[in-house]
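Engineer: Coordinates for the following, if possible.
(one chain, ligands or ions: 2)
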Amino acid sequence: MKVLLVGSGAREHTLGWALCRSRELDELLSLPGNPGLAELGPVITGVDPTDPGAVAAVARLHRADLVVVGPEAPLAAGVVDALTRTGIPAFGPSRAAARLEASKTFAKEVMAAAGVPTAAAETFEDPDAACARLRSFDGPYVVKADGLAAGKGVLVTEDRDAAVAWVGRCFGGGFGEAGARVVIEEYLEGPELSVFAVCSGEDALVLEPARDYKRLANGDRGPNTGGMGSYSPVELPPGLIGEVTERVILPTLRRLAADGSPYVGFLYAGLALTREGPKVIEFNVRLGDPETQVVLPRLETDLLGVIVAALENRLSSASLDWSPRAAVNVVLAAAGYPDAPRRGDVIGGLEAAASLDDVLVFHAGTARDENGRLVTAGGRVLSVVGLGDDLAQARSRAYEAAERIRWPGVQYRTDIAAPPPAR
Ligand code: AMP
Ligand code: GLY
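Structural biologist: Ligands and ions are numbered 1, 2, ... in the order given. All right, here's what the predicted structure looks like:
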């Protein structure tokens, strides 16, 4: 099979790496890809991945048998709809189903109709009303831009003035169109968990869960980021994943199907494990980044086969096998991340890191300069993954590798998967 992979982050590099392990794969193309994906197959540049017509034209031109879409923006733009109209199988939700991530208000409506446990929330289209609501209770305050803001549109704070200022930032255009509506939410207390499922209509196969670290600095301090690290497996009470499947994933899928927007693709439930049980913080219509980097290396089943089974409506007879080994991912970010990541810093030591046993290095914000040197080209630059018999061993391998990689101002947390859990 010839597969076209849409996206350019470390999640997509990991997806590409996993797809390449399949005997059914003949060629992997990526759009727009990154220097890591370029080692796995041709990359197509100069095409906007969020332009549905352009992506469909590329898939047709290259005679792709299947398109796998990694990030949310192309999904929310309707790339899968365009491919489906062209007759090319595509794995990912339609534009209508992708509203589960693209609009927090829509997600709340689906959850309410499906009886899925989540934080109480109200949507505001007017800054004064939103600020009045904030003044009506004591914190903590959770304020979110309604639309897609790359994980950066959320503020969780005890400080009411900061919450009020965030409302101003959303309505003031700080997150573009995404901030035209603002959601104020009940604060959920408890450890977080990321649960992913491969979905097809009303069927789902749940993947091994992972935990990620959203704050920039050790001890969960500093600003929210796209994610600074992750690990899997996560020690959980028995029965929890069954409960999440029955109370969160399946009812959501049934609701979307009943509404005429059946969901096909990866679904991500970001959960808070509260004293009253798991509650949804958010849905994403894709795999998590940086969680994918620790989940897919543990998957022993052929990922391409699972995706094809989902597209052919055969998920109910499929199953997944997992390695008992552990994986830890340390994200290396550019100087200035998350506000103003610096580009063009030369990355050293990558081969030395990647040559270590049980280490995988996935690219995200990297590029080749005019001399062919690898340089920083985005906020999160590399994901360094260590594998081991347990989390401690996986962690020490990840950090041994991370220490070999250098560029001016490189930032990473040193407490990913540290015992006792840093959260
Ligand atoms: P989101 O982009 O909605 O996933 O939010 C980013 C992060 O903010 C989450 O991973 C949580 O750490 C935090 N967060 C979001 N909503 C809530 C909530 N209702 N209660 C507590 N923390 C939250
Ligand atoms: N790990 C957070 C995200 O992918 O949104």
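
Engineer: CA atoms for contacts and neighbours, from now on please.
Structural biologist: Noted.

Engineer: quick one: contacts for residue 288?
Structural biologist: By C-alpha atoms under 8 Å, 6 or more residues apart in numbering, the residues touching residue 288 are 11, 194, 196, 268.

Engineer: helix/strand/coil for the third one?
Structural biologist: I take that to be residue 196. Following DSSP: H, G, I helix; E, B strand; the rest coil, we place residue 196 in the strand state.

Engineer: Report the contact partners of the nearest residue to residue 197 once chain neighbours are set aside.
Structural biologist: With sequence-adjacent residues excluded and distances taken as C-alpha to C-alpha, 6 or more residues apart in numbering, residue 197 is closest to residue 206, at 4.2 Å. Counting by C-alpha under 8 Å, 6+ apart, residue 206 makes contact with 195, 196, 197, 198, 245.

Engineer: By neighbours, which of those residues wins?
Structural biologist: Among those, the one with the most neighbours (other C-alpha atoms under 10 Å) is residue 196, at 29 neighbours.

Engineer: Just the element for the residue nearest to it when sequence neighbours are not counted, please.
Structural biologist: Distance criterion C-alpha to C-alpha, 6+ apart; nearest residue to residue 196, sequence neighbours excluded, is residue 268 at 4.5 Å. Taking DSSP states H and E as the definition, one finds residue 268 inside strand 264-274.

Engineer: Residues touching that strand, excluding its own?
Structural biologist: By C-alpha under 8 Å, 6+ apart, strand 264-274 touches 91-94, 188-201, 249, 278-288, 310-311.

Engineer: In PyMOL, how would I select the buried members of those?
Structural biologist: Written as a PyMOL command, the selection of buried residues from the contacts of strand 264-274, which uses 16 or more other C-alpha atoms under 10 Å, is:
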select buried, resi 91+92+93+94+188+190+192+193+194+195+196+197+198+199+200+201+249+278+279+280+281+282+283+284+285+286+287+288+310+311
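
Engineer: before we move on, back to that, so what pairs up with the residue nearest to residue 196 in the strands?
Structural biologist: Beta bridges link residue 268 to residue 196, residue 284, judged by DSSP bridges.

Engineer: measure whatever residue of the stretch 251-400 of the chain ends up closest to ligand 2 to residue 79 for me?
Structural biologist: Of all residues in the stretch 251-400 of the chain, residue 288 sits closest to ligand 2, at 3.3 Å by C-alpha to the nearest ligand atom. Distance of residue 288 to residue 79, given as C-alpha to C-alpha, to the nearest Å: 19 Å.

Engineer: got it, and residue 308?
Structural biologist: Computed as C-alpha to C-alpha, the residue 308 to residue 79 distance reads 18 Å.

Engineer: repeat for residue 97
Structural biologist: 12 Å.

Engineer: again, but for residue 145
Structural biologist: Residue 145 is 23 Å from residue 79, by C-alpha to C-alpha.

Engineer: Compare these two (neighbour count), which wins?
Structural biologist: Taking other C-alpha under 10 Å, residue 145 and residue 79 do not tie; residue 145 has more neighbours (31 against 27).

Engineer: Quick one: residues contacting the more buried one.
Structural biologist: Contacts here follow C-alpha under 8 Å, 6+ apart; on that basis residue 145 touches 153, 154, 170, 175, 178, 179, 180, 181, 182, 183.

Engineer: so who does residue 316 touch?
Structural biologist: Listed by C-alpha under 8 Å, 6+ apart, the contact set of residue 316 reads 203, 204.

Engineer: re the thing from before, next one, pLDDT for the residue nearest to residue 197 please.
Structural biologist: For residue 206, the pLDDT comes out at 97.

Engineer: If you compare the directions of the host helix or strand of residue 306 and strand 264-274, what angle comes out?
Structural biologist: Element membership of residue 306, judged by DSSP H and E, is helix 303-311. Helix 303-311 and strand 264-274 are oriented at 100 degrees to each other (axes from the mean of the first three to the mean of the last three C-alpha atoms, to 10 degrees).

Engineer: which residues are in contact with helix 303-311?
Structural biologist: 18-19, 22, 24-25, 89-91, 198-200, 264-265, 315, 318.
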